[in-house]
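**Q** Following is a predicted model, sequence given first.
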Amino acid sequence: MHRQVSDDEWADAELVWEYHQLHHCLQPCSAAIGLGCNDLGVATYAAELYHRGLFPIIVFSGATSRDTWGVFPRGEAVHYRERAMDLGVPAEAILVEPHATNTGDNITLSQMVLRSSGLRIDSLLLVSMPYMERRAYATCRQAWPEVTPICASAPLTFEEYVKVMGDSALVIDMMVGDLQRVMEYPKRGFAIAQEVPEQVQTAYKRLVSAGFTSRLLST
């Protein structure tokens, strides 16, 4: 049974949701990276952006995780490729990086794939879950500073995304975990530092105290 989320918890979650999104103005890029996760909507939206002419080639990156091994048994990247092809993206426009198990790997291993293809990359469209935009951006700026990253995700509200994913508590757990990484990873050299407004920090602390902790980093 899914945990019920109170009105106050929902309000805090919406603050965190909004912070995670960067609202970048989309423009054509040298290539795209579709960051693997438990949301096939990433591949769906990436296909839409391809058909809009925003990039000529995309790397789908991702192995499996505890959240994806049951739904994407052949790996996130492989299932993403199949979804994109079902939506009309030609096979020659898709590269597969099947080994990444975290966001840093998504960037660094995709960088290797793109470089081995001989493409010159100076800008990247990072396609991710809506609440992963900020972490993807910060990771890319740290791991591949030569390129300009633009972040994109399906244009959904928090309520709409929860309905798609079907479990509000799990979505909040994931967002809380991502926010912790936004704050902690710069100290570890994994991402650039970003300002976190006080009200977002307060919302984060309340959600942690309320028990939304399953995706926090282990100490």
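**A** Perfect, I can see it now. Numbering: from 1, shown residues only.

**Q** Strands along this protein, start to end?
**A** Taking DSSP state E to define them, one finds strands in the chain at 31-35, 58-61, 94-97, 123-127, 148-152.

**Q** wait, what's in contact with Ala11?
**A** Contacts for Ala11 (CB atoms under 8 Å, 6 or more residues apart in numbering) come out as Ala203. Quick note: C-beta positions are derived from backbone N, CA and C, even for glycine.

**Q** Can I get the strands of the chain in a markdown table including mean pLDDT and distance to Gln201?
**A** Formatted as a markdown table, those follow (pLDDT from 0 to 100; distance: least, CB to CB, whole Å):
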| stretch | mean pLDDT | distance to Gln201 |
| --- | --- | --- |
| strand 31-35 | 97 | 25 |
| strand 58-61 | 97 | 30 |
| strand 94-97 | 97 | 34 |
| strand 123-127 | 97 | 24 |
| strand 148-152 | 97 | 21 |
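
**Q** Quick one, grab the pLDDT at the nearest residue to Ala210 once chain neighbours are set aside.
**A** Of all residues not flanking Ala210 in the chain, Glu9 sits nearest, at 5.7 Å (CB to CB, 6 or more residues apart in numbering). pLDDT recorded at Glu9 is 97.

**Q** Pull the number of nearby residues for Glu9.
**A** 20 (other CB atoms under 10 Å).

**Q** Surely it touches Leu207?
**A** Yes: in this structure, Glu9 is within contact of Leu207 by CB atoms under 8 Å, at 6.5 Å.

**Q** any shared contact partners between those two?
**A** With CB under 8 Å, 6+ apart, Glu9 and Leu207 have common neighbours Ile172.

**Q** residue ranges for the helices of the protein, please.
**A** 7-20, 41-51, 76-86, 103-116, 133-143, 158-165, 168-184, 198-209 (DSSP state H).

**Q** Just put those in JSON lines and tack on distance to Leu124.
**A** Shown next, in JSON lines, are the helices of the chain (distance: least, CB to CB, whole Å):
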{"stretch": "helix 7-20", "distance to Leu124": "18"}
{"stretch": "helix 41-51", "distance to Leu124": "12"}
{"stretch": "helix 76-86", "distance to Leu124": "16"}
{"stretch": "helix 103-116", "distance to Leu124": "9"}
{"stretch": "helix 133-143", "distance to Leu124": "7"}
{"stretch": "helix 158-165", "distance to Leu124": "23"}
{"stretch": "helix 168-184", "distance to Leu124": "19"}
{"stretch": "helix 198-209", "distance to Leu124": "26"}
